[in-house]
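>>> Fold the stuff below for me.
(2 chains)
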Amino acid sequence: NAGVMQNPRHLVRRRGQEARLRCSPMKGHSHVYWYRQLPEEGLKFMVYLQKENIIDESGMPKERFSAEFPKEGPSILRIQQVVRGDSAAYFCASSPPNFDRPSEAFFGQGTRLTVV
Amino acid sequence: GQNIDQPTEMTATEGAIVQINCTYQTSGFNGLFWYQQHAGEAPTFLSYNVLDGLEEKGRFSSFLSRSKGYSYLLLKELQMKDSASYLCAVRDYKLSFGAGTTVTVRA
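A predicted model of the protein is given here:
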């Protein structure tokens, strides 16, 4: 039973390029969360998605950032025209439809984005 | 929205006990989680409280008082490998995290 899979683990982009981060949730999980973590800081909520639905995107910057979770395939966090301030670790977590049991939010290993 | 506060750093000696406090103010509440995160790694689940009281899980225990908006994580018999960041998270329908408490265990 594979855990939450994120790829790539490390991503280097030049300023102005696009970054695409992928997250495959655990089997049977239909809810995905994306968090951003800057060095020495906590996890900042970005977006909460169900398949084909954005439930809450209150933590997403208004411009350049978008997320999707299609019916088939992984969830994608897309950052257009990256800037140095986007350099961070981006974590994905998944949970089943009934998020009412402990330990049901499982995290992937994260994608470390470096903008040069 | 959520406002979650925890101390930034704590230091303790191997074999000792450390208590990490977390206070929160939320618009909704459906559980409080504690996660451990080692540097450069993903957070891993430690404990969960939805009702008031103490939950014990081996060397780790967590306490919740909903009326006070307060929780603590208790780490007993500290080991060097317990040096990590400990994250308090509150759930309404999504998990919102505090900034984390970095615990350093000294020999």
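>>> Flag the shaky bits of the chain, pLDDT-wise.
No chain in the question, so chain A it is. Within chain A, the ranges that satisfy pLDDT under 70 run A:1-2, A:98-104.
>>> could you do chain B instead?
Residues of chain B meeting the criterion pLDDT under 70: B:1.
>>> near chain A, which residues of it show up?
B:30-31, B:33, B:41-45, B:47-48, B:87, B:89, B:91, B:93-100 (Cβ under 8 Å from any Cβ of the partner chain). In this view, the C-beta of every residue, glycine as well, is placed from N, C-alpha and C.
>>> Looking at the residues you listed, which are in strands?
B:33, B:44-45, B:47-48, B:87, B:89, B:91, B:95-97 (DSSP state E).
>>> just these now: which is nearest chain A?
Set against chain A, the nearest of these by Cβ to the nearest Cβ is B:Tyr48 (3.4 Å).
>>> rewinding a little: can you name the two of the ones in strands among the residues of chain B next to chain A that are farthest apart?
Greatest spatial distance among these (Cβ to Cβ): B:Thr44 and B:Ser96, at 17.9 Å.
>>> Name the residue in these two with the higher neighbour count.
Remark: of B:Thr44 and B:Ser96, B:Ser96 carries more neighbours, 21 against 13, as counted by other Cβ atoms under 10 Å in any protein chain shown.
>>> Select only the buried ones of the ones in strands among the residues of chain B next to chain A in ChimeraX?
This is the ChimeraX syntax for the buried subset of those, where burial follows 16 or more other Cβ atoms under 10 Å in any protein chain shown:
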select /B:33,45,47,48,87,89,91,95,96,97
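>>> Which single one of the ones in strands among the residues of chain B next to chain A is nearest to A:Val82?
When these are compared for distance to A:Val82 (Cβ to Cβ), B:Phe97 wins out at 23.9 Å.
>>> Quick one: residues contacting residue 15.
Since you didn't name a chain, this refers to chain A. Residues in contact with A:Arg15, defined by Cβ atoms under 8 Å, 6 or more residues apart in numbering or on different chains, are A:82-84, A:115-116.
>>> if you could check chain B rather than the one you did, that'd help
By Cβ under 8 Å, 6+ apart, the contact list for B:Gly15 reads B:77-78.
>>> Doesn't it belong to a strand?
No. Assessed with DSSP: H, G, I helix; E, B strand; the rest coil, B:Gly15 is coil; it does not lie in a strand.
>>> From B:His38, how far out is it?
20 Å (Cβ to Cβ, to the nearest Å).
>>> go on, B:Asp5?
Using Cβ to Cβ, one gets 22 Å for the distance from B:Asp5 to B:His38.
>>> and stretch B:12-30, how far from the chain's centre?
Between the mean C-alpha location of stretch B:12-30 and the chain-wide mean there is a distance of 4 Å, by Cα atoms, centre = their mean, to the nearest Å.
>>> How about the contacts made by the closest residue to A:Met5 other than its chain neighbours?
Nearest residue to A:Met5 in three dimensions, chain neighbours excluded: A:Ser24, at 4.3 Å (Cβ to Cβ, 6 or more residues apart in numbering or on different chains). By Cβ under 8 Å, 6+ apart, the contact list for A:Ser24 reads A:2, A:4-6, A:74-75.
>>> Please identify the helix or strand for the residue nearest the centre of chain A.
For chain A, the residue nearest the mean C-alpha position is A:Trp34 (3.4 Å; Cα atoms, centre = their mean). Using DSSP states H and E, the secondary-structure element containing A:Trp34 is strand A:31-37.
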